[in-house]
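Colleague: Sharing a model prediction with you, sequence too.
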Amino acid sequence: MTGRILLGSLGVALMGFGAVLLSGLRDPLSVLVWLAGGIVLHDAVLAPLVLGAGLLLASLPARRTVRGALIVACSLTLVALPPLLRPGRRGNASVLPLDYPRNWLLALTAVAVVTAGLVLARRPGRRRPGRRAPIGPPVERGADRTG
């Protein structure tokens, strides 16, 4: 309970700090438009895409692993969007000095490779090394073995 109160107090303090920062803006309407755009983008685009992907993945045997990979890939894409959407050369080469599209694709490739490895490693019917198949009839747990 103390942790909740502490986190709630921290959240209220951060909201107050944000309000102080917003009060110093010349054009707070642009911030409200940006926030409303984020809500519309989430509700009209992102949420239906996530629900559709969940429905499509429901029949896959490795759906949890694939869902996790999609969450990571989408998070990487959201973080990479600002430098990806800045076309052309910049006047100051030190502002965005890296090849962001290539690095983004490399990160997505790494996510895909790790996901494929996990899916293949967890395939049903794949035996773990060092384990032998049981010999004889199966024994129920907790049953009296003396007969």
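Modeller: Everything's here; your move.
Colleague: now stretch 24-33: how far from the chain's centre is it?
Modeller: With C-alpha atoms, centre = their mean, to the nearest Å as the basis, stretch 24-33 stands 30 Å off its chain's centre.
Colleague: What of stretch 42-49?
Modeller: Taking mean C-alpha positions (C-alpha atoms, centre = their mean), stretch 42-49 and its chain are 15 Å apart.
Colleague: Now the terminal residues of that stretch, how far apart.
Modeller: 10 Å (C-alpha to C-alpha, to the nearest Å).
Colleague: Look at Ser59 and give its secondary structure.
Modeller: Three-state assignment for Ser59 (DSSP: H, G, I helix; E, B strand; the rest coil): coil.
Colleague: heads up, I number from 6, so please use that
Modeller: Okay, using 6 as the starting number, the last item reads as Ser64.
Colleague: and it, how many neighbours does it have?
Modeller: Applying other C-beta atoms under 10 Å, we find 7 residues neighbouring Ser64. Where C-beta positions appear, they are placed from N, C-alpha and C, glycine not excepted.
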